[in-house]
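Engineer: need a 3D model of the following:
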Amino acid sequence: MPLTDSFRAARWIRTLNLVLQAVLFLTLFGGLNYVARNHAWRFDLTSQRRFSLSPETLSYLHTLPRPVKIVVTLTEDSDNPEIAQAFRDLRGLLREYAYATEKAPNRRITVDFLDVYQRRREADQLGITEANRIVFICGDKRRSVTLGEIYEVKNRTQKVAFRGEQAITAALLDVASPGRKKIYFLAGHGELSPDDVDSVRGLSELRDVLRQRNFDIDTLNLSYLRRVPDDAALVVAVAPQGRFQALEQELLRQYLATSAGRVIMLLAPGSPHGLEDLLLDWGILVDDDLICDTGTQNMTEEGELLLRFLAPHPVTQTLIDYNLYPRVGPARSVRPDPGRSLGNGLTVTTLAATSTTAWGEVSYRLHGAYEFTPGVDIRSLPGMEPKDRLGVVVASERVSVRDNLPFSVRGGRVVVFGTGDLIANNRIADVANQNIFLSAVNWTVDRDAQFNIPARPIDRFQLSLSAGELSRLRYTLLLALPGAAAVLGLIVYWTRRS
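Structural biologist: Numbers count the residues shown, from 1 in each chain. Below is the predicted model of the structure:
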């Protein structure tokens with residue numbers, strides 16, 4: 001009898017087969033765990049993307065200068081249901097912050113949930129004395145966020161939206177950044193002021209929004225100071241009503257050229273600004289006209305202009321991703337200068353433009369119905385992008401290569417809006433308006449992040465069961481499902497036996 005047909009050989013073959021199966025199983029299990037650990041895929045399938053951080057937040061986390069510790073003093077078993085719910089809302093969100101930075105020890109975010117009453121010694125060591133707060137600690141800097149900052153409340157009691165990501169990101173920027181970048185708003189020509197609370201002429205809402213994003217805000221009158229301060233990260237001119245003096249224009253030119261300065265201008269139609277030569281240096285033409293559009297789909301019911309054309313750019317990418325369109329009041333056309341010299345390191349881009357039915361009315365100072373007059377009014381020039389559209393927002397950047405080195409040196413950046421009230425108090429609440437301006441701020445000061453963290457609607461789901469329904473559910477889980485598995489096992493056993 002052959003050796004392979006003996007009982008001893010069959011037993012060894014069976015044993016070897018079992019060992020190989022066990023090894024293959026362990027190998028498969030270990031391989032799956034290795035892939036899951038090193039190449040994990042995570043998908044957020046919730047309707048409001050409750051477990052995803054915005055592009056803005058992720059961009060800042062990738063460049064966070066120092067590690068931050070977040071201490072949450074809320075408890076899930078609190079007698080107050082609002083505090084318990086806030087704990088649940090924050091727990092998942094903070095887990096995403098920690099996950100996004102877990103592979104970067106130098107900027108890692110750690111989260112600790114601390115009961116200040118049960119762990120009193122640790123709370124005293126951290127200098128935390130109050131409960132129901134979120135404390136951010138980075139070195140010797142700290143900031144506390146209250147529950148009132150993470151919810152949008154209507155009628156003082158009804159929570160309508162969760163703003164936790166906004167508050168957390170603002171606090172992270174505040175404590176992790178060694179200093180704040182400073183934005184100067186120009187004054188002396190009737191510009192809109194960040195200290196004015198008027199709904200039409202004020203920028204106080206914008207001022208608060210910028211401060212939340214770790215910016216310092218101040219005003220600057222060039223005719224008095226006669227220089228741009230050294231700490232100016234950005235200079236903004238909002239709807240000047242009078243002309244800039246030649247000296248002021250020269251100061252801005254020097255700031256842009258020698259200090260790689262950054263300037264944002266919002267120039268309303270009908271108001272002379274006196275900055276034509278400076279803008280031509282940066283390849284930008286600002287026309288003296290008023291944009292009119294006969295297409296009803298391009299105008300709101302209030303007569304505001306909708307900018308539906310957006311070119312891909314860091315300033316506009318979030319608007320494109322979320323299908324958001326800025327709404328502006330009276331606007332003038334802004335376009336790249338067709339006669340600008342090429343090859344000098346200057347890149348001029350039309351960021352937002354009108355529809356193809358719009359034109360620039362040159363005789364807008366005359367009262368009456370506006371109609372397009374060929375040869376007088378302004379249309380897009382042939383061969384100019386975007387085709388058959390008038391630009392309203394234009395960005396210009398100067399990048400040069402020095403001494404034939406294989407890298408470029410960034411120069412100044414300029415963004416010009418052909419409207420003056422885009423960010424006034426009565427318009428800044430519009431998501432698209434706020435986003436395009438804040439993205440322009442981030443781009444000019446080299447933050448290059450898509451700065452848009454929308455508040456998330458609050459959805460609550462509650463399952464209500466009667467005592468009888470709860471009893472039937474309990475018996476189903478305890479008896480029916482295990483019983484079904486047992487019956488299936490008996491069927492398989494009986495089938496194999498017969």
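Engineer: I'd like to know how far residue 139 sits from residue 129.
Structural biologist: Per CB to CB, to the nearest Å, residue 139 is found 20 Å from residue 129. All C-beta atoms are positioned from the backbone trio N, CA, C, and that covers glycine.
Engineer: and if you look at residue 322?
Structural biologist: 41 Å.
Engineer: tell me the domain ranges of this structure?
Structural biologist: Domain segmentation of the chain under automatic domain parsing yields 3-38, 55-174, 181-444.
Engineer: and the last one, end to end?
Structural biologist: Going back to what we said before, that points to domain 181-444. End-to-end distance of domain 181-444 (CA to CA, to the nearest Å): 12 Å.
Engineer: centre of the chain to that domain, how far?
Structural biologist: Domain 181-444 has its average C-alpha position 20 Å from the chain's average C-alpha position, going by CA atoms, centre = their mean, to the nearest Å.
Engineer: so for it, mean pLDDT?
Structural biologist: The average pLDDT within domain 181-444 is 87.
Engineer: can you give me the helices for the stretch 201-350 of the chain?
Structural biologist: 204-212, 222-225, 246-258, 276-281, 317-321 (DSSP state H, counting those that start in this stretch).
Engineer: and these as JSON lines, adding distance to residue 495 and mean neighbour count?
Structural biologist: JSON lines is the format used below for those (distance: least, CB to CB, whole Å; neighbours: other CB atoms under 10 Å):
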{"stretch": "helix 204-212", "distance to residue 495": "68", "mean neighbour count": "19"}
{"stretch": "helix 222-225", "distance to residue 495": "92", "mean neighbour count": "14"}
{"stretch": "helix 246-258", "distance to residue 495": "84", "mean neighbour count": "17"}
{"stretch": "helix 276-281", "distance to residue 495": "86", "mean neighbour count": "17"}
{"stretch": "helix 317-321", "distance to residue 495": "56", "mean neighbour count": "17"}
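Engineer: helix, strand or coil for the residue nearest to residue 87 when sequence neighbours are not counted?
Structural biologist: Counting by CB to CB, 6 or more residues apart in numbering, residue 87 lies nearest to residue 74, which is 4.3 Å off, once chain neighbours are set aside. Secondary structure, DSSP: H, G, I helix; E, B strand; the rest coil: residue 74 is coil.
Engineer: what's the pLDDT at residue 74?
Structural biologist: We have a pLDDT of 84 for residue 74.
Engineer: wait, it sits on residue 132?
Structural biologist: Yes: between residue 74 and residue 132 there is a contact under CB atoms under 8 Å: 5.6 Å.
Engineer: so what sits against both of those two?
Structural biologist: Common contacts of residue 74 and residue 132 (CB atoms under 8 Å, 6 or more residues apart in numbering): 83, 147.
Engineer: more neighbours, these two?
Structural biologist: Neighbour count, other CB atoms under 10 Å: between residue 74 and residue 132, residue 74 has more, with 23 against 17.
Engineer: so what's the more buried one up against?
Structural biologist: 83, 86, 87, 90, 113, 131, 132, 133, 134, 147.
Engineer: apply 6 Å and report the result again.
Structural biologist: Contacts here follow CB atoms under 6 Å, 6 or more residues apart in numbering; on that basis residue 74 touches 83, 86, 87, 132.
Engineer: of those residues, which is the nearest to residue 288?
Structural biologist: residue 86 (53.6 Å; CB to CB).
Engineer: how about that closest one, what does it touch?
Structural biologist: Applying CB under 6 Å, 6+ apart to residue 86 gives the contacts 74, 147.
Engineer: again with residue 293
Structural biologist: Residue 293 neighbours (CB under 6 Å, 6+ apart): 299, 357, 358.
Engineer: and the closest residue to it other than its chain neighbours, how many residues sit next to it?
Structural biologist: Nearest residue to residue 293, sequence neighbours excluded (CB to CB, 6+ apart): residue 358, at 4.1 Å. By other CB under 10 Å, 26 other residues sit near residue 358.
Engineer: now do the one 5 residues further on
Structural biologist: Residue 363 has 13 neighbouring residues, counting by other CB under 10 Å.
Engineer: what's it sitting at in phi/psi?
Structural biologist: For residue 363, the backbone dihedrals (degrees, to the nearest 10) come out as phi -90, psi 40.
Engineer: and the gap between it and residue 488?
Structural biologist: 85 Å.
Engineer: element containing residue 439?
Structural biologist: Per DSSP states H and E: residue 439 is located in helix 431-444.
Engineer: which other residues reach that helix?
Structural biologist: Contacts for helix 431-444 (CB under 6 Å, 6+ apart): 234, 262, 264, 314-315, 318-319, 324-326, 413, 415, 422-423, 427-428, 449, 451-452.
Engineer: quick one, which of the residues you listed are buried?
Structural biologist: The neighbour-count test (16 or more other CB atoms under 10 Å) marks 234, 262, 264, 314-315, 318-319, 324-326, 413, 415, 422-423, 427-428, 449, 451-452 as buried among those.
Engineer: mind listing which of those are in strands?
Structural biologist: If you go by DSSP state E, the buried ones among the contacts of helix 431-444 have 234, 262, 264, 413, 415 in strands.
Engineer: residues in contact with the first one?
Structural biologist: Spelled out, that is residue 234. By CB under 6 Å, 6+ apart, residue 234 lies in contact with 183, 262, 444, 445.
Engineer: so what pairs up with it in the strands?
Structural biologist: Beta-bridge pairing of residue 234, defined through DSSP bridges, involves residue 183.
Engineer: cool, the one 4 residues further on as well?
Structural biologist: The partner list for residue 238 in beta bridges (DSSP bridges) reads residue 266.
Engineer: what residues are up against it?
Structural biologist: Contacts of residue 238 by CB under 6 Å, 6+ apart are 191, 192, 266.
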